[in-house]
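K.L.:
here is a sequence with its predicted model. Questions after.
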Amino acid sequence: MAVERLVVVDRAAFLRRPEHRTVRVLALAGLVLLWEAVTRTGWVSSLFLPAPSAVLAEGYDMARSGQLFVHLGTSLARLAWGFGIGAAAGIGVGVAVGFFSLADAVVQPIIAATFPIPKIALLPLLILWLGIGEASKVAVVALGVFFPMAINTYAGVRQADPLLIRAAVSFGAGRWSVIRKVVLPSALPMVFAGLKLGAGIALLLLVAAEQIAADAGIGFLILQSGNLMETTRLMVGIVVLSLLGVCSHWALGGLERAVIRWRHS
Amino acid sequence: MRVIRLLARPLFLLALAAGVLAGPLAQAQPKPAPVKIGVLKLTSSAPVFVGAEKGFFREEGIEPELVYFQAAAPIAIALAAGQLDVGATGLTAALYNIVLGGEKLWIVADKGREWPGYPLVAIVVQKDLWESGLRSIRDLKGRRIGVTQLGSTFHYHIGNILEKDGLSLADVKIVPLQAMAATMEALKGKQVDAILVPQPFPGAAEAQGFGRIVAWAGDLYPWQIATIFYSGKFAGDRARAVAFMRGYVKASRYYFDAALIQKDGRTVPGVHYDEVVDITARYTGARPEIIKLGFPYQDRNGRLLVPDIQRQMAWWAANGFMKKPLPLAGIVDTSFVEEAVRALDR
């Protein structure tokens, strides 16, 4: 008996998005090579655009002398404290506001009023209140992280699927079981989205804070190199910032995959 | 007849066009571009203000265009970026690093020295601290000192002043505030304990009551603080560069004879003193009484203290602000001022 083969054409095939891994890597490498070529040929002065090779060499020197790690360590410590305090406070407030309507009534207007204030604008005020030491820098980072965390956590808690809640209740789950096993886990994706947002904001605010009243840190390194017109060191600072951003994004992505095991199949 | 009538309109339009275009074309040469000079609104820029106001540059065929900044290093940066032709301001680590980084610029004439007896930069402390006893350099130990930028002339100056008294930069906290106005605000708001600022700011701080002058920095450590410097491109246009210098030397002599004459060890008003005070007051926006506190010293002919430039680079390099010093021949060019002086004395 002949088997009839029916040819099925996937007419939505044009919407498929292959990852193009090699192109991604080559594009970045190509940009770096172009940059190197442009400075090598002298078309752009090396003062205005240091060559990648010079930036790497300077970065290596700074790493060897330990300077790079002093600046990096100081910045990371401030980031860790600020991010930690801001995220913890944000998640706490977000959960409270999500569960208790009274907390909602009290906190929501305050957040609505204070969220649009650019935190960089608050920096001089924080310095006035907390001095030019670590406290003001950690405070500005924490404030910057708090708002996206609170708002995202609140949204995550509120959008827990009512069907899942009713299913749990009909299986006999008590109040705390529902909160612990349904509401909080379904809020996690939004919490992680908030964490990724907060990480970017934290880096931005930290660099701004370190340019005003600091004597160590990546932001200070950028300020100092800029003041002295040591553009190669300036680029080292910028590259380190970029790497910090990439690493934090990657780390948070990994943490998300580990914690939210039901989302990525 | 008919032909003429047909051609009348196009001919008329052609004649009109020719008339419109003839006007600008008749102007034989395009006017030479103005020379952009980067300056700060300070008493020390008085020679440049005098030169612009009295027409000394114009006499030499140079049209000056003053571009104002808030700190010295940005002037060097703008010069390197091709936005200025001439810089008339302090020598900063940024300027040396620009040349070290491969951009050409030339230090060509004197525009202000820290000199004993001639007020330029002062160390101003909070009035309350002065009243509670902060009166000397040693008392600055552990204090916050506001400057415009890291690597500024103030940074160099306080570093050397501290070293003379057996202290070092590590004994104080240098706070960069990016602009001179910001240093004044920081002193007023008590965010720093002391600042280094040039005239007319110290006089203004005392007049407004929030600061007291501990010392004039030039009395403690003299050096070649400010110069005229040319961009590589402007220096290459030899005729214009020397013409500018002739105008500058004229202005420098006028300024010297008015404001820097000393009798029995004290500065006395010279020729055209009131005029120079008035010009300086107008350009800086300060009151004449504050300008009259004193004018900074410079060589009458604008000649540089060349060995001091070498000393500066050595200090910057030793303290980690520069990778290594430059050879003087790569950054200093005294030929412009010498040629101008020869031309004027002929």
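P.N.:
Arrived safely.
K.L.:
so which bits of the stretch 101-250 of chain A are right by chain B?
P.N.:
Counting by Cβ under 8 Å from any Cβ of the partner chain, the stretch 101-250 of chain A comes close to chain B at A:127, A:132, A:213, A:215, A:223-224, A:227-231. (Glycine included, C-beta is placed from N, CA and C.)
K.L.:
I figured residue A:168 hits residue A:181, correct?
P.N.:
Yes - taking contacts as Cβ atoms under 8 Å, residue A:168 lies within contact range of residue A:181: 6.7 Å.
K.L.:
of these two, who's got more company?
P.N.:
Between residue A:168 and residue A:181, counted using other Cβ atoms under 10 Å in any protein chain shown, residue A:168 has the larger neighbour count: 16 against 13.
K.L.:
what's the pLDDT at that one?
P.N.:
pLDDT recorded at residue A:168 is 93.
K.L.:
residue B:186 now?
P.N.:
89.
K.L.:
so residue B:319 makes contact with residue B:160?
P.N.:
No - counting by Cβ under 8 Å, residue B:160 is not a contact partner of residue B:319; they are 10.1 Å apart.
K.L.:
tell me which of those two has more neighbours.
P.N.:
Taking other Cβ under 10 Å, residue B:319 and residue B:160 do not tie; residue B:160 has more neighbours (19 against 16).
K.L.:
all helices for the stretch 151-300 of chain B, in order.
P.N.:
Assigned by DSSP state H, counting those that start in this stretch, the stretch 151-300 of chain B shows helices spanning B:153-164, B:180-188, B:201-208, B:217-220, B:232-236, B:238-259, B:273-284, B:288-291.
K.L.:
tell me which residues of the fourth one come out buried.
P.N.:
Just to be clear, that refers to helix B:217-220. For helix B:217-220, the neighbour count (16 or more other Cβ atoms under 10 Å in any protein chain shown) marks B:217-218, B:220 as buried.
K.L.:
state the phi and psi torsions of the residue of chain A found nearest chain B.
P.N.:
Chain B sits closest to residue A:47 of chain A, with a gap of 3.6 Å, by Cβ to the nearest Cβ. Per-residue torsions, residue A:47: phi -70, psi -40 (degrees, to the nearest 10).
K.L.:
can you tell me the closest non-neighbouring residue to it?
P.N.:
residue B:101 (3.6 Å; Cβ to Cβ, 6 or more residues apart in numbering or on different chains).
K.L.:
wait, isn't the one you found in contact with residue A:46?
P.N.:
Yes - if you go by Cβ under 8 Å, residue B:101 and residue A:46 touch, sitting 6.6 Å apart.
K.L.:
show me where pLDDT drops low in chain B?
P.N.:
Low-confidence segments of chain B (pLDDT under 70): B:1, B:4, B:8, B:15, B:17-31.
K.L.:
tell me where it has strands.
P.N.:
B:35-40, B:64-69, B:86-90, B:105-114, B:121-126, B:144-147, B:173-176, B:194-198, B:211-216, B:223-231, B:262-263, B:266-267 (DSSP state E).
K.L.:
contacting residues around the first one?
P.N.:
Right, strand B:35-40. B:45, B:48-49, B:57, B:62-72, B:75, B:78-79, B:83-89, B:180, B:234, B:240, B:244 (Cβ atoms under 8 Å, 6 or more residues apart in numbering or on different chains).
K.L.:
what do you get if the cut-off is 6 Å, keeping everything else the same?
P.N.:
B:45, B:48, B:62, B:64-67, B:69, B:75, B:78, B:84-89, B:244 (Cβ atoms under 6 Å, 6 or more residues apart in numbering or on different chains).
K.L.:
tell me the strands beside it, with direction?
P.N.:
Here strand B:35-40 is paired, per DSSP bridges, with strand B:64-69 (parallel), strand B:86-90 (parallel).
K.L.:
can you flag the buried ones in the contacts of strand B:35-40?
P.N.:
B:45, B:48, B:62, B:64, B:66, B:69, B:75, B:78, B:84-89, B:244.
K.L.:
packing partners of the helix or strand harbouring residue A:58?
P.N.:
Using DSSP states H and E, residue A:58 sits in helix A:52-65. If you count contacts as 3 or more Cβ pairs under 6 Å, 6 or more residues apart in numbering or on different chains; DSSP states H and E, helix A:52-65 packs onto helix A:21-40, helix A:231-259.
K.L.:
please redo it, this time with the cut-off set to 8 Å
P.N.:
Other elements packing on helix A:52-65 under the criterion 3 or more Cβ pairs under 8 Å, 6 or more residues apart in numbering or on different chains; DSSP states H and E are helix A:21-40, helix A:67-99, helix A:231-259.
K.L.:
let's have those in a markdown table, adding mean pLDDT.
P.N.:
Converted to a markdown table, the helices and strands packed on helix A:52-65 look like this (pLDDT from 0 to 100):
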| stretch | mean pLDDT |
| --- | --- |
| helix A:21-40 | 90 |
| helix A:67-99 | 95 |
| helix A:231-259 | 94 |
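K.L.:
highest mean neighbour count out of those?
P.N.:
Of these, the one with the most neighbours on average (mean count of other Cβ atoms under 10 Å in any protein chain shown) is helix A:67-99, at a mean of 19.
K.L.:
pick the one among the buried residues of helix B:217-220 closest to chain A.
P.N.:
Nearest member of these to chain A, counting by Cβ to the nearest Cβ, is residue B:217, at 19.9 Å.
K.L.:
which residue is the nearest non-sequential neighbour of that closest one?
P.N.:
residue B:121 (4.3 Å).
K.L.:
beta partners of that neighbour?
P.N.:
Beta-bridge partners for residue B:121, by DSSP bridges, are residue B:198.
K.L.:
report the buried residues of stretch B:140-160.
P.N.:
Under 16+ other Cβ under 10 Å, the buried positions of stretch B:140-160 are B:140, B:143-160.
K.L.:
which of those come close to chain A?
P.N.:
Contacts with chain A are made by B:144, B:149-152 out of the buried residues of stretch B:140-160, judged by Cβ under 8 Å from any Cβ.
K.L.:
quick one: which two of the residues you listed are the most distant?
P.N.:
B:144 and B:151 (18.0 Å; Cβ to Cβ).
K.L.:
check which helix or strand covers the residue nearest the centre of chain A.
P.N.:
The centroid of chain A falls nearest to residue A:199 when counting by Cα atoms, centre = their mean (2.5 Å). Counting by DSSP H and E, the element that carries residue A:199 is helix A:184-210.
K.L.:
the inter-axis angle of the helix or strand following that helix versus helix B:153-164?
P.N.:
Following helix A:184-210 in sequence order, the next helix or strand is helix A:218-228 (DSSP H and E). Comparing the axes of helix A:218-228 and helix B:153-164 via axes from the mean of the first three to the mean of the last three Cα atoms, to 10 degrees yields an angle of 100 degrees.
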